[in-house]
Every structure is written in C-alpha cells, then in structure tokens.
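Asker: Test case, fold it:
(4 chains)
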Number of protein chains: 2
Amino acid sequence: MSMGNSKLYKGSLNTIILKLLDERGKMYGYEITQKVKELTKGELNITEGALYPALHKLEAEGLLDVEIAKVDNRLRKYYKLTEAGEKETVNRLQELEEFIRSMQNLVNPNWSIE
Amino acid sequence: MSMGNSKLYKGSLNTIILKLLDERGKMYGYEITQKVKELTKGELNITEGALYPALHKLEAEGLLDVEIAKVDNRLRKYYKLTEAGEKETVNRLQELEEFIRSMQNLVNPNWSIE
DNA sequence: AATATATACATAATTTTCCTATGCATAAAA
DNA sequence: TTTTATGCATAGGAAAATTATGTATATATT
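Answerer: Below is the predicted model of the structure:
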C-alpha cells in the first residue's frame, strides 16, 4: 500500500478491508482499491500485491467468505464478513483508535480524538 | 516482555523517536522507552530490539547525532536531531496527520481531527 | 485495425520494520 | 545474595508491505 506522497503505517490494511466490508456488505478486490482511492482523494493507494494476499489470508482465517461472480465475461470475487469477521472488525477498530490515542499522547500536535 | 495491549503500527517508531527528540532536545535510548511507556500509560512498549537498530539507522541516514556519556559508571548514548533531522521530523509528522485523516475518511468512527 | 487503458485476478522476490531471544555489564533494592 | 532496574547491542525470524511480473477480457483511442 502506498500513499500519494508519503508512507503508510503497516498493519492498517486489514482494518480498512474489514471496515469497508462491514459498511458495504460485500465488495470485490478491485472495487476496494477504487473505493479507498476515492474516499481518501487519491491519498492512499492499495496495491494489488498487498490487497489480494491480505484477502486470501482473512479468508483463510475464517473472517471472510467468498462468492465468485461473472460480470461481462470477467471474473469477480465478492467478499463479505463472516460472523467471526464482524466480531474481529470491532476489535480491529478499537485497536486502531487506541493506536491513534497513543500517538496523540506522544506527538500531541493540534489534533485530538473527540 | 508483557505489553500493554496495542501493537506498534509499522512505520510509527521513527516518527515517535524524531518527535520526542524534537521536543526534548536530547535523549538516550533507555530514556525513550521509559518516556513512551509513561506518555501512553503503558499502552505502548518500545522493545529494545526495535529501538536500537532504528536509532542506528536514523544516525546512519544523517538525521541524528550521537554523544556518548558516562553516568554512574554506566554508558549512555545521547541522540539529538541534526538539521536534516529537524526537517525530516516536520515531514514525518505531516505524514502521520495525513494518515490519520485518511483513516478517518475510510473508517469514520466517532473521532476526528480538530 | 492496432494500441493503450481500464477492469479483474494472482503470485514470486524483495524490503522494511518490527518482535523475540539472547548477551554483556553496572547499580540499587529486596 | 539474588532480583530488579539501568543501559547498550545483535542475531533470527515473522509480518506486512512494495515491486515486478503474469494472465485475461472490455473499452477507448489513434
């Protein structure tokens, strides 16, 4: 995963995937890359080399289910959260928030958590 | 080595080091680990296996200067920012803030940047 | 018609960055 | 006197990205 200009904090990709699936029900890989690009105004680019292995791993861990579809003669693999995936999403979001709080305490710039 | 809870997102350690040195002028390694523990209320533990190589690398990149001291017959290596290090600190903090903003747009939980 | 771009998936090789485990050494506390 | 705290260091390995490929179809451009 690469940023428009800067670096990305590794470990956040899984959280992003889980949260997007939690919000939108089901998505396929390419759709995720485009959605992330759109939501961050091009700031964050999910590379395919990071995304697909991450999806496979989440599936192997039982957090995602797959459903294959063919649209316009092209393959799509739709992913959605399992029950375990929904629970894990809550944990990951909590961890992310804790990380943000910790970074705020360390770096205490002009932003904070509400 | 029992950690608080949350793991260090990869890429954040350098930012933490640079910012602490920027604020405090000069610090030695062990002092950094204790300061981080204190500021995050034990939530984040910087391991020595991560910290010392990171310091060495930042020094090799010309972002840090070292000064060796002996206190109570024990060795200390004080690190401080070079000029290049001060500039890089600004960049890293900006990247961190951009990362936070991006995560907010993606995950939009109940926190935001002020 | 030929070529480039967008859509859609995948993986191998490498790099970065961290953790675990271990080692050395001195000072202070139990 | 044994443990804990202070202080540095590195080897080995895991995790999670990047880079570089590869396959294939659909659409837009030249």
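
Asker: gap between the residue found closest to A:Ile68 once you drop the neighbours it is linked to in the chain and B:Tyr28?
Answerer: The shortest distance from A:Ile68 to any non-neighbouring residue, by Cβ to Cβ, 6 or more residues apart in numbering or on different chains, is to A:Lys77 (5.5 Å). C-beta: built from backbone N, CA, C; applies to glycine. To B:Tyr28, A:Lys77 is 51 Å away according to Cβ to Cβ, to the nearest Å.

Asker: And the residue of chain A most remote from its centre, what's its pLDDT?
Answerer: With Cα atoms, centre = their mean as the measure, chain A has its most outlying C-alpha, relative to the mean C-alpha position, at A:Asn73: 27.0 Å. Note for A:Asn73: predicted pLDDT of 92.

Asker: A:Gln104 now?
Answerer: 89.

Asker: For DNA strand D, what's its nearest residue on chain A.
Answerer: A:Gly49 (2.0 Å; Cβ to the nearest atom of the strand).

Asker: Setting the sequence-adjacent residues aside, check what's closest to A:Tyr28.
Answerer: The shortest distance from A:Tyr28 to any residue that is not its chain neighbour, by Cβ to Cβ, 6+ apart, is 4.4 Å, and that residue is A:Arg76.

Asker: pLDDT at A:Thr33, what is it?
Answerer: You'll see A:Thr33 listed with a pLDDT of 96.

Asker: got a list of what A:Tyr30 touches?
Answerer: Applying Cβ atoms under 8 Å, 6 or more residues apart in numbering or on different chains, we find A:Tyr30 in contact with A:Arg76.

Asker: so it is in which element?
Answerer: Secondary-structure element containing A:Tyr30, defined by DSSP states H and E: helix A:29-39.

Asker: returning to that earlier point: that's a strand at the residue nearest to A:Tyr28, yeah?
Answerer: Yes - with DSSP: H, G, I helix; E, B strand; the rest coil as the criterion, A:Arg76 is part of a strand.

Asker: Give me the neighbour count for it.
Answerer: 15 (other Cβ atoms under 10 Å in any protein chain shown).

Asker: Let's test this: mean pLDDT of stretch A:9-23, rounded?
Answerer: Mean predicted lDDT for stretch A:9-23 stands at 95.
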